[in-house]
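Asker: Fold the following for me, if possible:
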Amino acid sequence: MTEPLKAAKCVSSGEAAIRLFADEDSVRELTSLLHRAYADHAAAGRVFFASYQSPQDTVHRLRRGECWLALQGKSLVGTVTVAAPYVAPDGYPAPTGAGSFWQLAVDPSQRGTGLGQRLLSVAEARVAARGAAQVVIDTSSQATELVSWYRRRGYVPVGTWRWDVTNYDSVVLMKDLATS
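Answerer: From the prediction side, this is the model:
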C-alpha cells in the first residue's frame, strides 16, 4: 500500500469509527462489503467493478492507495481508498498532480446516516494532506442520483471515460480543494 502520512489512525464519526485498513483486516470481508454496497447499481444494469471484483482485485486496488474503513462496533460498514497523486491512465481527463479516491462504499443498512459524507470528507482531507489541490473521481453517467450527490458536494463534470471492466460510460468529476 501507499505509505500514509503520519495522521491520526482512527477518526471517530458518531457511531462509526473510521481508521486505516490494517494487515489483520479481512480482504474477503471488504470485498463482500463492496459487493453489497454496489449490488443496487448492478441490479439496475450498471456493472460497477466493485460489484463483482474478486478478493485478489481488492488487494490490487488497495495497494494503489490508502484504504480507510468505517466500523460500527466490529462490523465493517463503509470504506474508501485514497491516492494522491493519482496515476491516471493516458487520456483520462485529470489535471497533473490531482488526487483521487475509489471504492467509496457504504453498507446498505447504513444508507441515510451520513456515513457516505463522512467517508467523502476523510477522502478529501487525505487527498489535500498528501499535497493535491484537486480531487478527481468518476462514476457511471447513468447513475444520475450518484452524479447529483457529488455535484451537491462541489464536484463538476470535466470529461468522460470508459473503463474496460464496466458496461457504461463514466462521467469524470473534479473538485478544487483549495476553494472548498
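Asker: quick one: least confident helix or strand in this structure?
Answerer: For the chain, using mean pLDDT, DSSP states H and E, the weakest element among its helices and strands is strand 10-13, scoring a mean of 46.
Asker: neighbouring strands for the following helix or strand past that one, and are they parallel or not?
Answerer: Later in the chain than strand 10-13, the nearest helix or strand by DSSP states H and E is strand 16-20. Partners of strand 16-20 in the sheet, by DSSP bridges, are strand 10-13 (antiparallel), strand 66-72 (antiparallel).
Asker: Who are the contact partners of Leu104?
Answerer: By Cβ atoms under 8 Å, 6 or more residues apart in numbering, the contact set of Leu104 is Thr79, Val80, Gly116, Leu119, Leu120, Ala123. C-beta here means a position set from N, CA and C on the backbone, and glycine is covered the same way.
Asker: Which members of these define the maximum pairwise distance?
Answerer: Thr79 and Leu120 (11.9 Å; Cβ to Cβ).
Asker: okay, these two: which has more neighbours?
Answerer: Thr79 (26 against 20; other Cβ atoms under 10 Å).
Asker: Please enumerate the strands of the protein.
Answerer: Assigned strands in the chain, in chain order: 10-13, 16-20, 66-72, 75-83, 99-106, 134-140, 156-161, 170-176 (criterion: DSSP state E).
Asker: Out of the ones you listed, the one nearest Leu30 is which?
Answerer: strand 75-83 (6.2 Å).
Asker: Quick check: buried residues in the closest one?
Answerer: Leu76, Val77, Gly78, Thr79, Val80, Thr81, Val82, Ala83 (16 or more other Cβ atoms under 10 Å).
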